[in-house]
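S.K.: Generate a structure from the sequence data that follows.
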Amino acid sequence: MTQTNLYDVGLTDRFTQEATMFEGFYLGRVSIQHRDLYKVITENGEITAEVSGKLAFLAKDNADYPAVGDWVMVDRLEDSSGHAIIHHILRRKSIFQRKAAGTSQECQIVAANIDTAFICMSLNNNFNLRRLERYLS
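M.R.: Model (predicted):
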């Protein structure tokens, strides 16, 4: 099993201190978000996780779900006996969001707890000025 130094992926004393309020859970950082599943980096490597029923029930909109970059509290450090469960999202330091596609007024969180962002777009036939505009506004 590979040990991961969470400080190498952005852990700060602020998040470490906040995590101590959740006894019995383990700290991890969301690295990939699929529709209902997440990849979470823990001290024992990357695991697959899903949100708890309580977290999903209390969510008012998409912003209340974990996003890439979020620090979360999970119930286990390995997913060999099923997916880990995300029970808490630590308070976000920053968010990078955009208006969700379509006609709804809902926002989409692209990433959380980031310091620097680079936006790169291809200049081929897939170039879309409106897409770039959504990222910048």
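S.K.: Would you list the phi and psi of H34?
M.R.: phi -100, psi -170 (degrees, to the nearest 10).
S.K.: correction: F57
M.R.: According to degrees, to the nearest 10, F57 has phi -70, psi -40.
S.K.: Tally up the residues packed near it, please.
M.R.: Applying other CB atoms under 10 Å, we find 8 residues neighbouring F57. From N, CA and C alone the C-beta is placed, and that goes for glycine too.
S.K.: any idea of the pLDDT on it?
M.R.: Reading off the confidence values, F57 has pLDDT 96.
S.K.: which residues touch R92?
M.R.: 70, 112-113 (CB atoms under 8 Å, 6 or more residues apart in numbering).
S.K.: does it count as helix, strand or coil?
M.R.: Following DSSP: H, G, I helix; E, B strand; the rest coil, the label given to R92 is coil.
S.K.: That one and C107, how far apart?
M.R.: 13 Å (CB to CB, to the nearest Å).
S.K.: do R76 as well
M.R.: Taken as CB to CB, the span from R76 to C107 is 31 Å.
S.K.: Likewise for L123?
M.R.: 28 Å.
S.K.: More neighbours: those two, which one.
M.R.: Comparing L123 with C107 by neighbour count (other CB under 10 Å), the higher total belongs to C107, at 14 against 6.
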